[in-house]
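[1] got a predicted model here, sequence first, then my questions.
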Amino acid sequence: MPVIDAHSHIYPDKIACKASSAVGDFYGVDMNAKNASASSMLAACEGSPITHHLVHSVATTPGQVPIINDFIAEQCRAHDNFVGFATMHQDFEDVEGEINRAIDLGLKGVKIHPDTQKVNMDDPRLMHLYEVIEGRLPIVIHTGDYRYDFSHPRRLKRILHTFPNLVVDAAHFGGWSVFDYALEYLEDENCYVDTSSALEFLGPRRTVELVRAYGVERVMFGSDFPMWSPVTEYNMLAAMPFTQEEFEAITWHNAERFIGQEI
């Protein structure tokens, strides 16, 4: 069966190590030995059950948006097991034009990271983005960080109520480092969550509890490469007491529904 990693970051070869180190610095994790290139990710997954990757990167300046989108589209053309998501920045001038261009490039969604982009996820500039993509493209939103308010789950709740047809993955079980707090805001909302950067922190028992609380049909497997090894993350999930049907939903079918594409 296919296994879809629904949360992976990749960067061009020439900056792959530098970008990985910058991510590590942001989270206080030693990433100096990690390479965040597409080839490194594929090599890390070789021989494993992981077959497909939802790939993206984050623009920290408006000028990076078209460059990153071109890169992600190029990687998807080179690797037919990649599903590419565009980036967007709150200060990019022609949001609608770039979203249309991203669709023409074959990209299947959008990814934003309010904390590294230093913007509230319900800022009016991003509310315009959600208006543009509602009913057209899904979006992965980094959600939660005890150090910042930009990505607070309560902000996502407002977004979901304002745009009821927006398809959202509230990454990191809806609230990285504030997992239980996120559940209070998002348990009954219309959004997906993914397992990226969560399993090691939560442990098997709490992970299963959260999957049951959100509903197995809302949870997608994600590794957060290059932060963590996709294979290690997959093996942790596979060791948990899910039924085969539940496991296939988490690692395959839910991601298909999220991107609106059969794998």
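    Sure, I can see it.
[2] got the phi and psi for His56?
    phi -160, psi 170 (degrees, to the nearest 10).
[3] ok, it - contacts?
    Shown in contact with His56 (Cβ atoms under 8 Å, 6 or more residues apart in numbering): 8-10, 72, 84-87, 111, 140. (Each C-beta comes from the backbone N, C-alpha and C, glycine too.)
[4] quick one: the closest residue to Phe82 other than its chain neighbours from Phe150, how far?
    Spatial nearest neighbour of Phe82, chain neighbours left out: Cys76 (4.6 Å); criterion: Cβ to Cβ, 6 or more residues apart in numbering. For Cys76, the distance to Phe150 equals 28 Å [Cβ to Cβ, to the nearest Å].
[5] before we move on, what about Ser8?
    From Ser8 to Phe150 the distance is 22 Å (Cβ to Cβ).
[6] would you map the helices across the stretch 51-200 of the chain?
    All helices of the stretch 51-200 of the chain, identified by DSSP state H, counting those that start in this stretch, fall at 64-78, 95-104, 114-117, 124-133, 153-162, 179-186, 199-214.
[7] these two touch, right, Asp177 and Asp145?
    For residue 177 the amino acid is Ser, not Asp. Yes - the criterion here is Cβ atoms under 8 Å, and Ser177 meets it with Asp145 at 5.9 Å.
[8] neighbour-wise, which of the two wins?
    A direct count of neighbours by other Cβ atoms under 10 Å for Ser177 and Asp145 places Asp145 higher, at 21 against 15.
[9] what residues are up against the nearest residue to the more buried one once chain neighbours are set aside?
    In space, and not counting its chain neighbours, Asp145 is closest to Asp115: 5.2 Å by Cβ to Cβ, 6+ apart. The contact partners of Asp115, taken as Cβ under 8 Å, 6+ apart, are 26, 142, 145, 147-148, 150-151.
[10] just the buried members of those residues?
    142, 145, 150-151 (16 or more other Cβ atoms under 10 Å).
[11] which of those sit farthest apart?
    Taking Cβ to Cβ as the measure, the buried ones among the contacts of Asp115 span a maximum distance of 9.0 Å, between His142 and Phe150.
[12] name the residues contacting each of the two.
    Common contacts of His142 and Phe150 (Cβ under 8 Å, 6+ apart): 114-115.
[13] which residue packs closest to Thr143, ignoring adjacent ones?
    Ala170 (4.4 Å).
[14] now that neighbour: how far from Ser151?
    Ala170 is 9 Å from Ser151, by Cβ to Cβ.
[15] could you do Leu42 as well?
    Between Leu42 and Ser151 the computed distance is 29 Å (Cβ to Cβ).
[16] dump the buried ones among the contacts of Asp115 to a markdown table, plus distance to Phe247 and pLDDT.
    Below are the buried ones among the contacts of Asp115 laid out as a markdown table (distance: Cβ to Cβ, whole Å; pLDDT from 0 to 100):
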| residue | distance to Phe247 | pLDDT |
| --- | --- | --- |
| His142 | 25 | 98 |
| Asp145 | 29 | 97 |
| Phe150 | 33 | 98 |
| Ser151 | 28 | 98 |
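[17] confidence-wise, which helix or strand of the protein is lowest on average?
    Using mean pLDDT, DSSP states H and E, the weakest-scoring helix or strand in the chain turns out to be helix 16-27, at a mean of 69.
[18] how many neighbours does Val197 have?
    Small correction: residue 197 is Ser, not Val. Neighbour count of Ser197, defined by other Cβ under 10 Å: 23.
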